[in-house]
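In: compute the structure for the input listed below.
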Amino acid sequence: MRMSLAQRVLLTWLFTLLFLIMLVLKLDEKAPWNWFLIFIPVWIFDTILLVMLIVKMAGRCKSGFDPRNGSQNMKKKVWYLIAMLLKLAFCLALCAKLQRFTTMKLAYVFIPLWALLIGGMLELGYNVFYVRRD
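Out: Predicted coordinates:
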């Protein structure tokens, strides 16, 4: 099943809205829930994205796959996978810090996010300045 752009946008808005509602309830102390529960919409959305990415990457293994321009496409998908894992690491570290499961300094919690942002800026620079335009 392939999702259209409208379906992906709607799904993104839905999970973002659910997360923001739960976050506001937690910050207003109306919901005494664990921080890991507040992030459930984020976990579900990331799981959906990871499954879709893994299915696309596994599609290269089927017979009859045309490998033209495949290595560049595969590099991009590997970067997306790394970016998703960095986001997951940040969210887990943030929840652990907010829930006081760890005494880790806040600067260390943000290392995966900083790595993700630097990687995103590098990819943007590469796409703007080095990708050929036909």
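In: so the most centrally placed residue in the chain is in which element?
Out: For the chain, the residue sitting closest to the mean C-alpha position, by CA atoms, centre = their mean, is Met84 at 3.7 Å. Using DSSP states H and E, Met84 falls within helix 70-98.
In: about what we covered before: number of nearby residues for the nearest residue to the residue nearest to the centre of the chain once chain neighbours are set aside?
Out: Closest residue to Met84 apart from its sequence neighbours, by CB to CB, 6 or more residues apart in numbering: Leu50 at 5.7 Å. In short, each C-beta sits where N, CA and C put it, glycine included. Per other CB atoms under 10 Å, the neighbour tally for Leu50 reads 15.
In: I figured Leu50 hits Lys87, correct?
Out: No. Leu50 lies out of contact with Lys87 (CB atoms under 8 Å); the separation is 10.3 Å.
In: so the residue nearest to the centre of the chain makes contact with Asp46?
Out: Yes. If you go by CB under 8 Å, Met84 and Asp46 touch, sitting 6.3 Å apart.
In: would you mind measuring from the residue nearest to Leu81 when sequence neighbours are not counted to Lys77?
Out: For Leu81, ignoring the flanking residues on the chain, the nearest one in space by CB to CB, 6+ apart is Leu53 at 6.0 Å. Distance of Leu53 to Lys77, computed by CB to CB, to the nearest Å: 6 Å.
In: again with Trp114
Out: 23 Å.
In: who has more neighbours, the two?
Out: Set Trp114 next to Lys77 and count neighbours by other CB under 10 Å: Lys77 wins out with 15 against 12.
In: please name the nearest non-neighbouring residue to the more buried one.
Out: Met57 (5.2 Å).
In: which ones are touching the closest residue to Tyr108 other than its chain neighbours?
Out: Setting aside the residues directly before and after it, Tyr108 is nearest to Ala93 in space (CB to CB, 6+ apart), at 7.5 Å. Ala93 makes contacts with Thr102, Met104, Tyr108, Val109, Pro112, as judged by CB atoms under 8 Å, 6 or more residues apart in numbering.
In: give the buried subset of these as a ChimeraX selection command.
Out: With 16 or more other CB atoms under 10 Å as the criterion, this ChimeraX line picks the buried residues out of these:
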select :109,112
